[in-house]
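> Just need the structure, nothing else, for what follows:
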Amino acid sequence: MESEGEGVSLPLIHEHLMMPWNDLRKGHCCGHFLAISDGYYCKICDFFVHKKCVDESTEYIEHPLHSIHTLKLLQSKLEFRCDVCDVRDVMDIVNLCYRCEICDFQVDLYCAKYPPPDFIDMSETHHHKLTLLKEEIKFDCDAKCGKFGYGFPYKCHECDLAFHIECVWNPPEAKHLSEVNHTYHPLHPLKLHTGYVPEYSDGTCRLCSRFIIDDKLFYHCSACNFSLDMGCVLNPPPQSVMDLKVHDHQLILRPRIDSFTCNACGLTGDRNPYICLHCDFMIHQECLTLPRLINVNRHDHRVSRTSVLGVVNSVCGVCRQKVDWTWGGYSCQKCPHYVVHSKCATRKDVWNGKELEGVPEETEDIEPYVVIDDNTIQHFSHKEHYLRFHVNGLFWEENKHCSACTQPIYLQSFYGCIDCDFMLHQSCANYPKKKWHVLHNDRLTLVTSVDNICCCDACHRISNGFMYKCGDTELDVLCGSVSEPFVHPSHPHHPLYYIPSVGKKFCNGCDNRVSHALTCIESGCEFLLCFNCATLPQVVKHRVDDDPLSLCYGEKASGEYWCDICEKETDPRIWFYTCKDHRASLHTKCVLGDFPGLMPRSTIKLELDNISLEVVLNNSVSRPFCRVCESHCMYPIVLKMLGISGGLYICSLDCLDRLEL
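Numbers count the residues shown, from 1 in each chain. Just a heads-up that it's a prediction; the model follows:
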């Protein structure tokens, strides 16, 4: 066994480095539960081995059932079957075994470590000694276990009975915890159980409340219906705790089923709180380890744990439900009214798991630009030139696009470069260089130089504009700028919030199932928007009409409606674009196409096929012809293949996927 940094190299056992690990479960080494927790774990393969198995495993052994040759430790390339216990569970032991390279005799690590004795005395159930047969024979087990076939049985020659080894014998080391006396249940001993949890039980550990999973080891008293999982048997919670970060006085464990409200999180519990005898303080066991200072992805500042929130008539900044100010939770020192439930603040989709107590707060500048004068700025994405402010309320600049969101300038105010064609909408110029977002647990960084196209994780649009990124998470600036509360013109009376539990509902804008959505939390209101619909432009220009097109949020109408662009039927209940006199209902996809997030006149590259494509505005008199669907391109932005004489065009994502060269 070799150590490399924090990892351990076990070349006889596994190909990857393994970490020291405590886990009370079956070991892939032997396929059995052991009354130990020390082991080694490979995170890559979810592979766990007992330390005892590994430390005592040598490359070669001798086994009494195959004394003519030594056995070598290896991994079988074929389906594994232990010749001693007949275990065939490949997934449990990953074919790790000792094998005779001459005879193909093989045993798993458990049977190698605990070879059966030649004779056993089981006088409690049978009045004769049993003898181990060292030749494999075909037999029916008289223990009525339901298995039959070839094996090495224990034989009673006087009664002519035969038994599987595992049916009549267990190593002393493997059964020394078959019955335990436990501090928290002194009335009766607890007996070891494997397999299914009794039907009359609630299926949980009495001390920690975790569910006991079938096929896991646990201890049980049938007289009291009292169960403990292996973790609480071997490492029971302490009877008292003194931690001034949790409470000013000593806390005592009250090991009984009793309903209470936890002072730390405000939620009810049904068993085993830690209590303070001086001030009637009660707390869940798991709340003892709540972090003191953290970041949540719903707020720009750190939030700290407090024993009494003290903010009357407040709502949780995550779940938006009412907060009882008399209980504990998390609050922001800079924003007096921002509070969060303890359980909401520490959810895996809200908190990154980092305790920040003692960690200096970041003070880096996240402002996106420096003010030069009243009308001029220097933006961090375009440091080489100054940008000048323009109040654009008169002219349509449909051929000029914002470098951040890639959308046309239209009637919005914008910043334009004094020396080149670089432009930013005023709103896009204000996006901070770093920000928190509801869809990611760490702060995102605004990336302004995108080498190629990215796919937004929220709306699934492809884009080569500015992106908010962290690790594998990518959000275009439209989705990345969404924050709570989010107000949309389609639902002006109630703000919208990101509530993950609504993922199986349908968007009110497009009527599609969504995985990420913004929803109304008002009672009885089921309004919900996907990120794509929430960030659709309100007003657009299209060649189908000289006047601007407005986004219409559906109509309750009967009769047939037709899109003037694709000349197919539309559903008026689903959002569409309409003209000034409301005589048209145009599909949003027909108006915007599949490439609204791509910057016109930019070039993208398909890495796998080594193809370069130019992003082209489809605004000429004659529409280009698509290479794939063999029809005139109707969408406002198309892709032109470079390096091909005459140019070949692609009109949609579907055509791009079907492209064959």
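> residue contacts, the spatially closest residue to Gly480 that is not a sequence neighbour?
Leaving out its chain neighbours, the residue that sits closest to Gly480 by Cβ to Cβ, 6 or more residues apart in numbering is Tyr468, at 3.5 Å. In this view, the C-beta of every residue, glycine as well, is placed from N, C-alpha and C. Tyr468 makes contact with 435, 437, 444-447, 474-477, 480, according to Cβ atoms under 8 Å, 6 or more residues apart in numbering.
> name the element Tyr468 belongs to?
According to DSSP states H and E, Tyr468 maps onto strand 467-470.
> what are the pairing partners of that strand, and which direction each?
strand 440-447 (antiparallel), strand 473-476 (antiparallel) (DSSP bridges).
> the strands in the stretch 401-550 of the chain, which residues?
414-417, 423-425, 434-437, 440-447, 454-455, 462-463, 467-470, 473-476, 496-498, 517-520, 528-530, 539-542, 545-552 (DSSP state E, counting those that start in this stretch).
> swap in the stretch 251-400 of the chain?
Going by DSSP E, counting those that start in this stretch, the stretch 251-400 of the chain shows strands at 251-253, 257-261, 268-271, 274-276, 281-283, 293-294, 303-306, 314-315, 322-323, 329-331, 339-340, 369-373, 376-379, 387-390.
> Turn those into JSON lines, columns for distance to Asp594, mean pLDDT and mean neighbour count.
Output for those, formatted as JSON lines (distance: least, Cβ to Cβ, whole Å; pLDDT from 0 to 100; neighbours: other Cβ atoms under 10 Å):
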{"stretch": "strand 251-253", "distance to Asp594": "60", "mean pLDDT": "91", "mean neighbour count": "18"}
{"stretch": "strand 257-261", "distance to Asp594": "53", "mean pLDDT": "87", "mean neighbour count": "13"}
{"stretch": "strand 268-271", "distance to Asp594": "50", "mean pLDDT": "86", "mean neighbour count": "15"}
{"stretch": "strand 274-276", "distance to Asp594": "57", "mean pLDDT": "92", "mean neighbour count": "21"}
{"stretch": "strand 281-283", "distance to Asp594": "54", "mean pLDDT": "91", "mean neighbour count": "21"}
{"stretch": "strand 293-294", "distance to Asp594": "40", "mean pLDDT": "94", "mean neighbour count": "20"}
{"stretch": "strand 303-306", "distance to Asp594": "41", "mean pLDDT": "92", "mean neighbour count": "20"}
{"stretch": "strand 314-315", "distance to Asp594": "40", "mean pLDDT": "90", "mean neighbour count": "18"}
{"stretch": "strand 322-323", "distance to Asp594": "44", "mean pLDDT": "90", "mean neighbour count": "16"}
{"stretch": "strand 329-331", "distance to Asp594": "43", "mean pLDDT": "94", "mean neighbour count": "27"}
{"stretch": "strand 339-340", "distance to Asp594": "39", "mean pLDDT": "94", "mean neighbour count": "26"}
{"stretch": "strand 369-373", "distance to Asp594": "32", "mean pLDDT": "93", "mean neighbour count": "13"}
{"stretch": "strand 376-379", "distance to Asp594": "29", "mean pLDDT": "94", "mean neighbour count": "17"}
{"stretch": "strand 387-390", "distance to Asp594": "30", "mean pLDDT": "92", "mean neighbour count": "18"}
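> May I see those organised as CSV, with distance to Leu96 added?
Shown next, in CSV, are the strands of the stretch 251-400 of the chain (distance: least, Cβ to Cβ, whole Å):
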stretch, distance to Leu96
strand 251-253, 41
strand 257-261, 43
strand 268-271, 40
strand 274-276, 43
strand 281-283, 44
strand 293-294, 42
strand 303-306, 46
strand 314-315, 54
strand 322-323, 53
strand 329-331, 47
strand 339-340, 47
strand 369-373, 61
strand 376-379, 60
strand 387-390, 65
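> neighbours around Gly151, how many?
By other Cβ atoms under 10 Å, 21 other residues sit near Gly151.
> Now do the contacts for it.
Per Cβ under 8 Å, 6+ apart, neighbours of Gly151: 83-84, 86, 136-137, 139, 164-165.
> Now the buried members of the contacts of Tyr468.
435, 437, 444, 446-447, 474-477, 480 (16 or more other Cβ atoms under 10 Å).
> closest to Leu586 among those residues?
Distance to Leu586 across the buried ones among the contacts of Tyr468 (Cβ to Cβ) is lowest for Asp476, with 23.2 Å.
> circling back: what's the closest of the buried ones among the contacts of Tyr468 to Leu551?
Closest to Leu551, out of all of those and judged by Cβ to Cβ, is Asp476, at 18.4 Å.
> close enough to count as contact, that closest one and Gly465?
Yes - the pair Asp476 / Gly465 is scored as a contact, 6.3 Å apart, by Cβ atoms under 8 Å.
> Common neighbours of these two, please.
405, 597.
> what's the domain layout of the protein?
Listed by automatic domain parsing, the domain ranges of the chain are 1-115, 119-173, 177-234, 240-288, 290-345, 369-429, 539-592, 603-657.
> May I see these organised as a markdown table, with distance to Gly524 added?
Output for these, formatted as a markdown table (distance: least, Cβ to Cβ, whole Å):
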| stretch | distance to Gly524 |
| --- | --- |
| domain 1-115 | 45 |
| domain 119-173 | 57 |
| domain 177-234 | 34 |
| domain 240-288 | 25 |
| domain 290-345 | 15 |
| domain 369-429 | 33 |
| domain 539-592 | 19 |
| domain 603-657 | 38 |
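> Among these, single out whichever gets nearest to Glu522.
domain 290-345 (10.0 Å).
> shouldn't Val180 be in contact with Cys232?
No - Val180 lies out of contact with Cys232 (Cβ under 8 Å); the separation is 11.3 Å.
> Between the two, which is the more surrounded one?
Cys232 (19 against 16).
> Using CSV, write out every CA atom in whatever helix or strand the more buried one lives in.
Using DSSP H and E, Cys232 maps to helix 230-234. Taking C-alpha atoms only, helix 230-234 is exported to CSV below (Å, rounded to 0.1, in the frame of the first residue of the first chain):
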residue,chain,number,x,y,z
MET,A,230,-25.3,1.1,12.5
GLY,A,231,-24.0,4.7,12.7
CYS,A,232,-25.9,5.4,16.0
VAL,A,233,-24.9,2.0,17.4
LEU,A,234,-21.2,2.5,16.9
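> ok, the buried ones among the contacts of Tyr468 vs Cys405, which is closest?
Val477 (5.3 Å).
> pLDDT wise, what is the residue nearest to that closest one when sequence neighbours are not counted at?
Spatial nearest neighbour of Val477, excluding adjacent residues (Cβ to Cβ, 6+ apart): Phe466 at 4.7 Å. In this model, Phe466 is scored at 95, pLDDT.
> Pull the number of nearby residues for Phe466.
Phe466 has 24 nearby residues by other Cβ under 10 Å.
> Tell me who's in contact with it.
381, 403-405, 428, 431, 446-448, 450, 476-477.
> Repeat that for Thr261.
Per Cβ under 8 Å, 6+ apart, neighbours of Thr261: 267-269, 282, 327.
> before we move on, what about Gly27?
34, 39, 48-50, 53.
> most surrounded residue in these?
His50 (27 neighbours).
> ok, that one to Asp83 distance?
Using Cβ to Cβ, to the nearest Å, His50 is found at 22 Å from Asp83.
> Next: Cys566.
Cys566 is 69 Å from Asp83, by Cβ to Cβ.
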